[in-house]
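Trainee: here is my input, please return the structure:
(2 chains)
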Amino acid sequence: MLDINLFREHADMIRADHDKRGLPHDRIEEVIALDQTWRNHLHETDQLRREKNEAARGIGAAKKSGNQEEAQRILAQVADLGQRISDLESMTNEAMSARDRLRMSIPNILHSDVPKGEDESGNTVHAVHGTKPSFAFEPRTHNALIEMNKWVDLKRAAKITGSRFYFLKGDLARLEFALQQYAVDFLRQREYTFVQPPVMMNRAAYEGVTDLGDFETVMYGVEPDAYYMIATSEHPLTAMFMDETIPEETLPLRMVGVSQCFRREVGSHGQSDMGIWRVHQFTKIEQIIIARPEDSWALHEELLQNCTDLWDSLGIHYEIVNICTGDMGTVAAKKYDLEAWIPGANQYKEIVSCSNCTDYQANRLSIRYGQPGHPNQPIVHTLNSTAVATSRALVAIMEQYQLEDGRIAVPEVLQPHMGGQTVLEPCNWG
RNA sequence: GCAGUCGUCGCAUAGCCUGGUAUUGCGCCGGAUUUGAAAUCCGGUGUCCCCGUGACUCGGGAGUUCAAAUCUCUCCGACUGCGCCA
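Mentor: Residues are numbered from 1 along each chain as shown, chains lettered A, B, ... in the order given. Next up is the predicted model:
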């Protein structure tokens, strides 16, 4: 959510950003109008309250001195003021909640490097790492590979849960586990603190970190407790500082979170999304940074550097893409994706997303830095990046490391986490 | 899950029974004093707005009342004991 002062003092910045995104200005103007309405009502309410408070102060004194007539006169006056106040109060609250509902739907101000574009075709290639693997045989798709090796059981998962859930079995499950350990160790060596979060959050905390539309299309709700399953550990690891002032000397706060992630994926279809590429539940190792505003752009590059070092070490061929205006969500100010080469699909596909959310989440969550207990401390910036989403990493590894017989070579850096094993063997039951 | 105790400004605390301006200490910021520091003293230190002799604020919400930190209901959270359990 954007700071309300931006609408009051620098609305042109927001308008210019909407122009770049190709969005109309009407919602901006409406926020400004509702804000003015709210402030007018608020001021009027305050004046009436003041009158009422002043009058009510006389009641005690009048009663004490036995002047019942005077007391009754004031009571009548105060009752009338009370009615007017409560009428005006509901209008005031209505204007404010309307203002903020709308304000939450207005996207973050983009960084100037973000390219203009209608949709994902407008994204620009920032860098290319590694080289396309060449095979002396016809490479199989990951769907064929998981089936012939009996590593994934979608059918039985559908029986007990529903579509897009899966059992991961045998050596592929072990590789998944190795990826988690490798990625956490990798980032711990770079001074990121390992954190395991709750996988459910309440609504108030969740509204601070995500787009409102996500409640319908992305998150699972948990009844009767009104919790939401997290879509990524970014959400709890950012929201954990809600309503806090973080001592400045502890910034930047670097964390590596690991959690199961849950996504409803409403409206997603397509042949290329078969198998375990797009699923309702997966594990993700995530990088999170809470930073001072002046440090956040350098730290955004640090997050990207961590990703490229990590994925280079896994020996995966990928492109780094600078996400364009039309493909950007509401929260990020700038976003890089890593897209791995998937031979079976003959295209590059998203495996990592690396964002600087600037103060957009922190405003809504009211996360400040400086001295706790002091007024008007500045708002922090929040950044997040995938390190490894294991289901997609497994796809990229299977597709790029496959052998002629359908088995998979284990990337060298993962072998120590696999007891020295160099090749994934099929599961012996299906 | 049951029972009890509790939740007050960054931390710690008083006020609640008996409704009427939210107390004090620590920390932090600024100033005075000092060669400098410590100590001491003075002021500041929740939110909002049109910045005032303004409004709001005592875990959240609702109610009673002219008036609620204070009384009532409800939800949330913490602690203790019992029960259950990986």
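Trainee: kindly report the residues of chain A close to RNA strand B.
Mentor: Residues of chain A lying close to RNA strand B (Cβ under 7 Å from any atom of the strand) are A:4, A:39-40, A:42-47, A:49-50, A:52-54, A:56-57, A:59-60, A:63, A:75, A:78-79, A:82, A:245, A:371-376. Placement of C-beta: from N, CA and C, glycine included.
Trainee: which ones among these lie within strands?
Mentor: Using DSSP state E, the subset of these located in strands is residue A:245.
Trainee: for residue A:288, phi and psi?
Mentor: phi -130, psi 140 (degrees, to the nearest 10).
Trainee: now it: how far from RNA strand B?
Mentor: 23 Å (Cβ to the nearest atom of the strand, to the nearest Å).
Trainee: picking that back up, in helices, which of the residues of chain A next to RNA strand B appear?
Mentor: Residues of the residues of chain A next to RNA strand B located in helices (DSSP state H): A:4, A:39-40, A:42-47, A:49-50, A:52-54, A:56-57, A:59-60, A:63, A:75, A:78-79, A:82.
Trainee: which of those count as buried?
Mentor: Neighbour-count burial (16 or more other Cβ atoms under 10 Å) applied to these gives A:4, A:42, A:45, A:52, A:59, A:78.
Trainee: may I ask which helix or strand encompasses the residue nearest to the third one when sequence neighbours are not counted?
Mentor: Once flanking residues are discounted, residue A:45 sits nearest to residue A:88: 4.9 Å by Cβ to Cβ, 6 or more residues apart in numbering. When elements are assigned from DSSP states H and E, residue A:88 belongs to helix A:68-105.
Trainee: give me the buried positions along that helix.
Mentor: Under the neighbour-count criterion of 16+ other Cβ under 10 Å, helix A:68-105 has A:71, A:74, A:78, A:81, A:85, A:88, A:92, A:95-96, A:98-100, A:102-104 buried.
Trainee: now swap in stretch A:204-212 and tell me
Mentor: Residues of stretch A:204-212 classed as buried: A:205, A:206, A:207, A:208, A:209, A:210 (neighbour count, 16+ other Cβ under 10 Å).
Trainee: what is the burial count for the closest residue to the first one other than its chain neighbours?
Mentor: Using Cβ to Cβ, 6+ apart and skipping the chain neighbours, the partner closest in space to residue A:205 is residue A:239 (4.3 Å). A count of nearby residues for residue A:239, using other Cβ atoms under 10 Å, gives 25.
Trainee: what of the one 5 residues further on?
Mentor: For residue A:244, the tally of surrounding residues (other Cβ under 10 Å) stands at 15.
Trainee: may I have stretch A:92-108 as PDB, with CA atoms only?
Mentor: Taking Å, rounded to 0.1, in the frame of the first residue of the first chain, the C-alpha atoms of stretch A:92-108 are listed here in PDB:
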ATOM      1  CA  THR A  92     -16.200   9.200   8.600                       C
ATOM      2  CA  ASN A  93     -15.300   5.600   9.100                       C
ATOM      3  CA  GLU A  94     -17.000   4.700   5.800                       C
ATOM      4  CA  ALA A  95     -15.000   7.300   3.900                       C
ATOM      5  CA  MET A  96     -11.700   6.000   5.400                       C
ATOM      6  CA  SER A  97     -12.300   2.300   4.800                       C
ATOM      7  CA  ALA A  98     -13.400   3.100   1.200                       C
ATOM      8  CA  ARG A  99     -10.300   5.200   0.700                       C
ATOM      9  CA  ASP A 100      -8.000   2.400   2.000                       C
ATOM     10  CA  ARG A 101      -9.800  -0.400   0.200                       C
ATOM     11  CA  LEU A 102      -9.100   1.500  -3.000                       C
ATOM     12  CA  ARG A 103      -5.600   2.500  -1.900                       C
ATOM     13  CA  MET A 104      -4.700  -1.200  -1.300                       C
ATOM     14  CA  SER A 105      -5.600  -1.900  -5.000                       C
ATOM     15  CA  ILE A 106      -3.200   0.700  -6.300                       C
ATOM     16  CA  PRO A 107       0.100  -0.800  -7.300                       C
ATOM     17  CA  ASN A 108       3.600   0.100  -6.100                       C
END
